[in-house]
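K.L.:
Quick one: sequence plus predicted model below, questions after.
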Amino acid sequence: MNAEQYEQIRKDFERDGYVFIPAFFNADQVTAVKWELERYITEVVPGMPANHVMYEDMTNPATLKQMQDMQKYSAFFNDLMCGSEMEKLAEAVLGEKVIGKNVEYFNKPPRIGKSTPPHQDAYYFNIKPTEAVTMWMALEDADDENGCVSYLVGSHKKGMRPHGRTSTIGFSQSITDYGTAEDMASLKKFPANPGDLLIHHAMTVHAAGPNTTESRSRKALGLIYFGESAQPDLEAKEAYMKALNSQTV
């Protein structure tokens, strides 16, 4: 990418709270990620801590839905996050140096893949200022039927929404007042092809539907970066934990 392309991406990101880059990864790159993912699931997942691996059905390994901190267990995924084009993009949209925090895996197994509740990542991050981005890389086709990502345009500029406890594994919090007329007017869905990349600000409201198909999964990678200016917000963390402990599912 050249300087002009980076500048346009930054402007789009600042305006909307997200940016969509079609075919950011080519077919060979997507294949390489899939090969490493298969190896990782076979060789690494059995030894990972339980809180880093989540299933829709704990008794069925085929329902693997989420993994955390993959960069800690794989040089391939660490290199994908650190010193990479992804890192350059994160720095471009935030306008500062960044620190790679997490490489995640997301899947919605056919028939049983649940909705991702509407939320803001910053509610989980507990940082000040809330300078952070999440990158979402499609590994398979994503659409309305199997749960493509949706955003509320410009929501990153409107502050933190109230969140409450959910029963969704891997997404404990959901915006409690989501679904207003204003929300629906600004909702934009992003069907994606393998290799497409979505980048959103930590304050951007986003969600994804369930997988209602009979045979299609919906696999994707997520990468989280914090800006160097972002520091732990201990007060927010304490409030988050207090709210979490007081809520019932």
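P.N.:
All right, it came through fine.
K.L.:
For the protein, give me the ranges with low pLDDT.
P.N.:
By pLDDT under 70, the weakly predicted segments of the chain are 236-237, 239-249.
K.L.:
close enough to count as contact, A142 and W136?
P.N.:
No. Counting by C-beta atoms under 8 Å, A142 sits too far from W136 to count as a contact (9.3 Å). Any C-beta I mention is one placed from the backbone N, CA and C, and that applies to glycine too.
K.L.:
Give me the more crowded residue out of these two.
P.N.:
It is A142, of A142 and W136, that has more neighbours when counted by other C-beta atoms under 10 Å, with 28 against 23.
K.L.:
what's the helix or strand for D183?
P.N.:
Here D183 sits within helix 181-186, counting by DSSP states H and E.
K.L.:
got the CA positions of that helix in CSV?
P.N.:
This file holds the C-alpha atoms of helix 181-186, laid out as CSV (Å, rounded to 0.1, in the frame of the first residue of the first chain):
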residue,chain,number,x,y,z
ALA,A,181,-34.6,3.5,15.3
GLU,A,182,-31.3,5.5,15.3
ASP,A,183,-29.4,2.2,15.5
MET,A,184,-31.3,0.5,12.7
ALA,A,185,-30.9,3.6,10.5
SER,A,186,-27.1,3.4,10.9
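K.L.:
where's it relative to the chain centroid, distance-wise?
P.N.:
Chain-centre distance of helix 181-186: 22 Å, with C-alpha atoms, centre = their mean, to the nearest Å.
K.L.:
Tell me which helix or strand comes right after it.
P.N.:
Downstream of helix 181-186, the first helix or strand assigned by DSSP H and E is strand 187-190.
K.L.:
The closest residue to L198 other than its chain neighbours: what secondary structure?
P.N.:
Distance criterion C-beta to C-beta, 6 or more residues apart in numbering; nearest residue to L198, sequence neighbours excluded, is W136 at 4.3 Å. Classification of W136 using DSSP: H, G, I helix; E, B strand; the rest coil returns strand.
K.L.:
Just list whatever residues bridge to W136.
P.N.:
Per DSSP bridges, the residues bridged to W136 are L198, G222.
K.L.:
Pick out the residue nearest the middle of the protein.
P.N.:
The residue lying closest to the centre of the chain (C-alpha atoms, centre = their mean) is G222, at 4.7 Å.
K.L.:
residue contacts, that one?
P.N.:
N102, V103, E104, Y105, F106, T134, M135, W136, M137 (C-beta atoms under 8 Å, 6 or more residues apart in numbering).
K.L.:
would you list those residues in CSV and tack on distance to P162?
P.N.:
Output for these, formatted as CSV (distance: C-beta to C-beta, whole Å):
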residue, distance to P162
N102, 25
V103, 29
E104, 25
Y105, 29
F106, 24
T134, 21
M135, 26
W136, 24
M137, 30
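K.L.:
Many thanks, have a good one.
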